[in-house]
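1. pasting the sequence and the predicted model now:
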Amino acid sequence: MRFRAKGRQPTPPGQMNKLESKYADHLALRLAAKEIQWFAYEPWKFRLADRTFFTPDFIVLTNEGFIEAHEVKGFWEDDARVKIKVANELHPVKFVAVRLVKKEWQFEEFPS
């Protein structure tokens, strides 16, 4: 007999989970308000090491012309935090951790 672990099932690659969908709506509002120039869901993959990659949830182009990689999490586990820190050290892009806390988006820029 096989048992299946309860808990959150991973979202298939290329599909947003509920929290990412909410953040996409937030970015769409910012785009409509001309606060940012562009955004896309999972368009880039960053190499961290051999066979190790980090795919941020969103790439955002700011009005100032800077590129930011936004990673949206309900909570941060150690492996995800390590990956975003390594990506920040290796690539000339601003990495931003995004959380929704009490219906308000919170941002943590790396390095912090």
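-> Yep, it's here. Keep in mind that this is a model prediction, so the values were computed, not measured.
2. from now on I want contacts and neighbour counts done on CA atoms only, so please keep to that.
-> Fine.
3. residue 62 is in contact with residue 36, correct?
-> Yes: at 4.7 Å, residue 36 and residue 62 qualify as touching, with contact defined as C-alpha atoms under 8 Å.
4. more crowded one of these two?
-> Looking at residue 36 and residue 62 with other C-alpha atoms under 10 Å, you find the greater number of neighbours at residue 36, namely 19 against 16.
5. residue contacts, the more buried one?
-> 30, 60-63 (C-alpha atoms under 8 Å, 6 or more residues apart in numbering).
6. show me the contacts for residue 39.
-> Neighbours of residue 39 in contact, by C-alpha under 8 Å, 6+ apart: 27, 58-61.
7. now do the buried residues in the longest helix seen in the chain.
-> In the chain, assigned by DSSP state H, the helix with the most residues is helix 18-32. Of the residues in helix 18-32, those with enough neighbours to count as buried (16 or more other C-alpha atoms under 10 Å) are 20, 23-24, 27-28, 31.
8. by contact count, what packs against that helix?
-> In terms of contacts (3 or more C-alpha pairs under 8 Å, 6 or more residues apart in numbering; DSSP states H and E), helix 18-32 is packed against strand 36-41, strand 67-72.
9. again, only this time at 10 Å
-> strand 36-41, strand 58-62, strand 67-72, strand 94-101 (3 or more C-alpha pairs under 10 Å, 6 or more residues apart in numbering; DSSP states H and E).
10. quick check, pLDDT for the residue nearest the centre of the chain.
-> The structure's the chain has its C-alpha centroid closest to residue 71; by C-alpha atoms, centre = their mean the separation is 1.6 Å. Model confidence at residue 71, expressed as pLDDT, equals 98.
11. quick check: it vs residue 97, distance?
-> To residue 97, residue 71 is 5 Å away according to C-alpha to C-alpha, to the nearest Å.
12. find residues that contact each of the two.
-> Where contact means C-alpha atoms under 10 Å, 6 or more residues apart in numbering, the residues bridging residue 71 and residue 97 through contact with each are 56, 80-81, 84, 107-108.
13. and the furthest pair within those?
-> The two members of those with the most space between them (C-alpha to C-alpha) are 80 and 107, at 15.4 Å.
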